[in-house]
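>>> Build me a model from this:
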Amino acid sequence: MAEAREVLEMLRPQGGWIIRGNDYAGIEYIDCEPIKESEFDAGFAQVDAWKAEQEAAKEAKRKAALVKLEALGLDEDDLKALGL
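Numbering: from 1, shown residues only. Below you'll find the predicted structure:
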């Protein structure tokens, strides 16, 4: 699950805010446009979806690399033996 800090980093990447805790009431805006509580709440799902996409892309890249290595006669156990 996403943290409030991650949501704010996504919605206001330029900064200008401080957060204490993990909820909307803990946000203090110093030098940026405030966000609505509904935006903040929806941001948790957006961050979680983004993380899932990143993880899926990473796994797809790993699988593609394994296919290439298998073509060279290596398998996942060989990679582990090499510390990769």
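>>> Not counting sequence-adjacent ones, nearest residue to the residue nearest the centre of the chain?
The centroid of the chain falls nearest to residue 51 when counting by CA atoms, centre = their mean (3.6 Å). On the basis of CB to CB, 6 or more residues apart in numbering, the spatially nearest residue to residue 51 that is not a chain neighbour turns out to be residue 2, at 7.2 Å. In short, each C-beta sits where N, CA and C put it, glycine included.
>>> The one you found and residue 47, how far apart?
Taking CB to CB, to the nearest Å as the criterion, residue 2 is separated from residue 47 by 4 Å.
>>> Residue 80 too?
Taking CB to CB as the measure, residue 80 and residue 47 are separated by 32 Å.
>>> before we move on, what about residue 75?
Plainly put, residue 75 is 35 Å away from residue 47 if you go by CB to CB.
>>> Comparing the two, which residue is more hemmed in?
Under the criterion of other CB atoms under 10 Å, the comparison of residue 75 against residue 47 puts residue 47 first, with 21 against 12.
>>> ranges for the strands of this protein?
17-19, 27-29 (DSSP state E).
>>> which outside residues touch the first one?
Counting by CB atoms under 8 Å, 6 or more residues apart in numbering, strand 17-19 makes contact with 4, 5, 8, 26, 27, 28, 29, 30, 32, all of which sit outside it.
>>> Local confidence estimate at the nearest residue to the fourth one once chain neighbours are set aside?
With CB to CB, 6+ apart as the measure, residue 20 is the residue that lies nearest to residue 26, at 4.2 Å, once sequence neighbours are left out. Here, the pLDDT recorded for residue 20 equals 95.
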